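>>> here is a sequence together with a model predicted from it:
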Number of protein chains: 2
Amino acid sequence: MLLPHGPVETPVFMPVGTAATVKAVPQHIVEELGANIILGNTYHLYLRPGHELIRRLGGLHRFMSWPRPLLTDSGGFQVFSLSELRKVTDEGVRFRSHLDGSTHFFSPEHSMDVQIALGADILMAFDECTEYPATRERARHSLDLTLAWAQRSLTHFKAHQHEVPWHEQLGGKTQSLFGIVQGGMYADLRRESAERLIEMDFAGYAIGGLSVGEPRHATREVIEQVLPLLPADKPRYLMGVGYPEEIVEYAAMGVDMMDCVLPTRAARHGLLFTSEGRVNIRARKYAEDESPADPECGCMVCRRYSRAYLRHLFASGEPLAAVLNSIHNLAYYLELMASVRYAIELGSLPELVKRVRSRSADSAAREA
Amino acid sequence: MLLPHGPVETPVFMPVGTAATVKAVPQHIVEELGANIILGNTYHLYLRPGHELIRRLGGLHRFMSWPRPLLTDSGGFQVFSLSELRKVTDEGVRFRSHLDGSTHFFSPEHSMDVQIALGADILMAFDECTEYPATRERARHSLDLTLAWAQRSLTHFKAHQHEVPWHEQLGGKTQSLFGIVQGGMYADLRRESAERLIEMDFAGYAIGGLSVGEPRHATREVIEQVLPLLPADKPRYLMGVGYPEEIVEYAAMGVDMMDCVLPTRAARHGLLFTSEGRVNIRARKYAEDESPADPECGCMVCRRYSRAYLRHLFASGEPLAAVLNSIHNLAYYLELMASVRYAIELGSLPELVKRVRSRSADSAAREA
C-alpha cells in the first residue's frame, strides 16, 4: 500500500495514537519498533487541541512529528462510546464532550472537514456504530443511516480533498477515503452494506461494528461473510481488533489492516504479551525473576530489563512502567505481524496461526 | 573521579533515580543524555522492593540495568521528610513507612548494611538532617548525633565493605563512603562538623542540611564557609541542590557533585528549563508555538517536537508529557554542567555564571 507519507506493507497492525501520541512512547521509539502507520482519533483531536489548530500547524504529521503514514477514524465510534447525551438525527449527531460537557455536532460533512484538516493519509467515512446486541430493525435503521452518511462523506470529501494541509507540499497528492461496512450481526445487512459501499467506490473498505461486546465466534462469522465481498485489490481494514491470536487469524483470513488499543492499554495495566502467552507482571512470582518479559523477544525492553525490574516499576507506580510495558507490547504486536507477512511469503501461515493460538490457550490455562 | 563502575568528570550533576528509575526516562536515554552517575534513594529502595531482594539480584546496577556509577543517600533525609511517627534515639531512628504504615528502624549500621546490599559506587554516612529553622541548642544536639553516627557508619562500613554484591566480579573493589557535614546555619558548628569528619577520613565529604527551606543567601553562606574546610583532593558534594543558576554558581565555588529532583519533578509539572529561562509549557501562549522548548538545545526533544505539541501533551494528561519534559530538562542540566566543565578549562567560568544568572532573572521577570 503506497500512501502519501510512504509505503506500508500489509497485513499491517496499526498502533493507536489517540491524542496525537501512542500513549507513553516517544515517536522515535515507535519508528524504531517498525510501526509504519499509526492511528489518530478524530473525536479526541477535534476536542483537544482542535482540528483548526492542527491545520494551522501544518496537519497532524507535522504537529506530532510523525513522518510516516497516519489514519484517522471518523469520530463516529468515539461519539457513541465516550460522549454524553448524544442525539442522532439524519443530519448527524449532537453530543456533549466527555472532557467538559460542551455541546458539539458531527455530521458526515463535518467529520470530513475535521479529518481533512488533520490530514492523515487515510480517513474514514462517518458512520454510526451499531451497538451489540441490536434488533434487526435497529440494525437496519442504523445501516441505512450509515449508507446515507457514507455517500455524503464521499461527496464532501471529493469536493474538498485538495484542502489537506500537505496538498501542495506533496505534489498534489490527496488522502484516501475508506467506507465502513456495518449491519450488526446480520449477514444479509452486512452484504447489502458491502455492496452499496462498493458501488460508491471507496479507496478501501473497513469492517466496523465489531469488538463491541459480541462473542468471538460472532466476530469471526461477520469477517468470514464480509471479506469475500470486498474487492481484493483494495485494502480491507478490520477496525478495533484484537488479541494476538485474533490478529494473526484475521490476517490469515485476508484482512489487510488492523488497529487496537490493546497492546498499549494492557501495558498500562501490567499485562504483557509474549511468545509464552500473557504475562501479568504484577504477579508476586515475578518479584525475583531475572528473565526478560519475553525470552524470545529482541526488543529494547527485553534486551535490557528483567521481569523483576518491570514488576518493581509497576508495583511502585513509576511512570517508566507504562513506557517500558508499552514498548514491549508494541514490539510484540509489530513483530508478530512481520512474521505473518513472512509466513505468507513462505506459505507457512497456517502453522503460525496454530502456534499463536496454542500459546494463548496455554497462558489462559496457566492463569486460570 | 574514578569509581568502580567507571569515570565521572566533575563538577557533575547527578539525576535522581529514587526508586531505581530516573522518573519517566528509560535508562538508555539517560545514558544518551550523558549522565555518568545517578542517585538512588536508600529509604525508598529499602521499603520497596527491599534491599535484600536487590542484593539477591546482584545489586542495584544489575537490578535496574544501569552500568555506570551510582550513589545512594543514607536514608536519613527521607526518614525525616517522608516517614511518619519517627522517634530518634542515640541508637537510631524508629519510623513508619509512608507506603503502608509499617514500623522500621534505621541505625548507622543498618543504613550501611542496606547501602552495601544496594551496592552503589558511593554510599553516604547515616545522618540526622537538621530542620530549618533550628535553635543553636537543637543544631548542636543534632550535630553531635550525626558525628557519632558518622563514626559508627565508618566503622561498620570498614568491617563489611567486602560484602558488596560486585566485590569479586570487579576484582575486589569496594564502595566509597562519604561523610555529611551538618550544623544547621551556624558557622562554628559547620566548622566543627567538617573538622571532625575530616579526622575520621572519609572518601569524600558532602554538605547536608541545605535546601530545607532556608533563604538562598543562607545556603550560599554555608557553602562559602564549609567548602574551604574540605580537602581539595577529595570530592565535595552538595546535596539536594538546585536551580540551574544555583548549580552553576556552586560549581564555580568549587562544589564537585550535586543532585536534585528538580529537573524531573518540574518536568512533570510542565516547567521547562531553557537557555531563555523557564518555560511554563502549560501557558496558553504556547498553544500554537512551533519553536522547540529551547531553541539553543540540541536534545532529542528539542530536535523533534514543538512547544505547541508539548503543551498539548501536558494539557491532555498524556504520559508522554512527563517523558519528553523530563528528557529535555535532564538534557538541559547535563549540558549546562558540561559547559561548566568546558568553561573551567577555558577560564571563562565567571562569564557563564553571569549569563545563566541573567537568564534566570529575565525569565522570573517575564513570568511575574
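Looks like it arrived, so ask away. Numbering: from 1, shown residues only, chains lettered A, B, ... in the order given.

>>> once you drop chain neighbours, what's closest to A:Ser142?
For A:Ser142, the nearest residue in space outside its immediate sequence neighbours is A:Thr130; the separation is 4.3 Å by C-beta to C-beta, 6 or more residues apart in numbering or on different chains. Yep, even glycine has a C-beta here, placed from its N, CA and C like the rest.

>>> quick check: buried residues in stretch A:301-311?
A:301-302, A:304-311 (16 or more other C-beta atoms under 10 Å in any protein chain shown).

>>> looking at the residues you listed, which are in helices?
Those of those mapping onto helices are A:301-302, A:304, A:307-311, per DSSP state H.

>>> picking that back up, mind listing what the residue nearest to A:Ser142 touches?
Residues near A:Thr130 by C-beta atoms under 8 Å, 6 or more residues apart in numbering or on different chains: A:138-139, A:142-143, A:182-184, A:209, A:212.

>>> can you pull the pLDDT of it?
Confidence at A:Thr130, expressed as pLDDT, is 87.

>>> and it, its phi and psi?
A:Thr130 has phi and psi values of phi -70, psi 130 when expressed as degrees, to the nearest 10.

>>> check what pLDDT the nearest residue to A:Met1 once chain neighbours are set aside gets.
Here the nearest residue to A:Met1 in space, its sequence neighbours aside, is A:Val8; by C-beta to C-beta, 6+ apart that works out to 4.6 Å. In the predicted model, A:Val8 carries a pLDDT score of 98.

>>> tabulate the ones in helices among the buried residues of stretch A:301-311 (a markdown table), appending pLDDT and distance to chain B.
A markdown table is the format used below for those (pLDDT from 0 to 100; distance: C-beta to the nearest C-beta, whole Å):
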| residue | pLDDT | distance to chain B |
| --- | --- | --- |
| A:Val301 | 98 | 8 |
| A:Cys302 | 98 | 11 |
| A:Arg304 | 98 | 5 |
| A:Arg307 | 98 | 11 |
| A:Ala308 | 98 | 6 |
| A:Tyr309 | 98 | 6 |
| A:Leu310 | 98 | 11 |
| A:Arg311 | 98 | 8 |
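
>>> now, which of those sits nearest B:Leu53?
A:Ala308 (7.7 Å; C-beta to C-beta).

>>> dump the residue contacts of the closest one.
Taking C-beta under 8 Å, 6+ apart, we find A:Ala308 in contact with A:286-290, B:49, B:53, B:57, B:63.

>>> now swap in A:Gln161 and tell me
When contacts are counted by C-beta under 8 Å, 6+ apart, A:Gln161 touches A:116, A:174-175, A:177.

>>> one more pass at 6 Å, please.
Remark: with contacts taken as C-beta atoms under 6 Å, 6 or more residues apart in numbering or on different chains, A:Gln161 is in contact with A:Thr174.

>>> am I right that it is in a strand?
No. Counting by DSSP: H, G, I helix; E, B strand; the rest coil, A:Gln161 is not found in a strand; it is helix.

>>> beta partners of A:Pro15?
On the basis of DSSP bridges, A:Pro15 takes part in beta bridges with A:Cys260.

>>> and the residue of the stretch 51-200 of chain A that's closest to chain B?
In the stretch 51-200 of chain A, no residue comes nearer to chain B than A:Ser65, which is 4.8 Å away by C-beta to the nearest C-beta.

>>> same question for the stretch 1-150 of chain A.
Here the stretch 1-150 of chain A gets closest to chain B at one residue, A:Ala24, 4.0 Å apart by C-beta to the nearest C-beta.

>>> so that residue, which of the three states?
Secondary structure state of A:Ala24, per three-state DSSP, is coil.

>>> from what I can see it touches A:His328, true?
No. No contact is recorded between A:Ala24 and A:His328 when judged using C-beta atoms under 6 Å, the distance being 11.6 Å.

>>> counting neighbours around each, name which of those two comes out higher.
Neighbours were tallied for A:Ala24 and for A:His328 using other C-beta atoms under 10 Å in any protein chain shown; the higher tally belongs to A:His328 (28 against 25).

>>> tell me the contacts of the more buried one?
Here A:His328 is in contact with A:272, A:293, A:299, A:301 (criterion: C-beta under 6 Å, 6+ apart).

>>> low-confidence stretches in chain A?
Under the criterion pLDDT under 70, the flagged ranges of chain A are A:364-368.

>>> contact residues of it facing chain B?
If contact is defined as C-beta under 6 Å from any C-beta of the partner chain, the residues of chain A in contact with chain B are A:19, A:21, A:23-24, A:48-49, A:57, A:63, A:65, A:304-305, A:308, A:312, A:316, A:318-320, A:322.

>>> picking up where we left off before, tell me which of the contacts of A:Ala308 fall in helices.
Going by DSSP H, the helices hold B:53, B:63 from the contacts of A:Ala308.

>>> which of the contacts of A:Ala308 are buried?
A:286, A:289, B:49, B:53, B:57, B:63.

>>> how far away is the fourth one from chain A?
Note on B:Leu53: its distance to chain A, by C-beta to the nearest C-beta, to the nearest Å, is 6 Å.

>>> that older thread, for the residue of the stretch 51-200 of chain A closest to chain B, what are its contacts?
Taking C-beta under 6 Å, 6+ apart, one finds A:27, B:304-305 in contact with A:Ser65.

>>> could you dump the residues you listed to TSV with distance to A:Gly40?
Listed next are these as TSV, based on distance: C-beta to C-beta, whole Å:
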residue	distance to A:Gly40
A:Gln27	13
B:Arg304	17
B:Tyr305	16
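
>>> not counting its neighbours along the chain, what's nearest the residue of the stretch 51-200 of chain A closest to chain B?
For A:Ser65, ignoring the flanking residues on the chain, the nearest one in space by C-beta to C-beta, 6+ apart is B:Arg304 at 4.8 Å.

>>> distance-wise, check the one you found relative to A:Pro4.
Relative to A:Pro4, B:Arg304 is positioned 21 Å away (C-beta to C-beta, to the nearest Å).

>>> same question, A:Arg191
Using C-beta to C-beta, one obtains 32 Å as the distance from A:Arg191 to A:Pro4.

>>> so which of those two has more stuff around it?
Residue environment comparison for A:Arg191 versus A:Pro4 gives the larger neighbour count to A:Pro4, 21 against 15, counting by other C-beta under 10 Å.

>>> that one contacts A:Gly172, correct?
No. In this structure, A:Pro4 sits apart from A:Gly172 without contact. The criterion is C-beta under 6 Å, and the distance is 10.0 Å.
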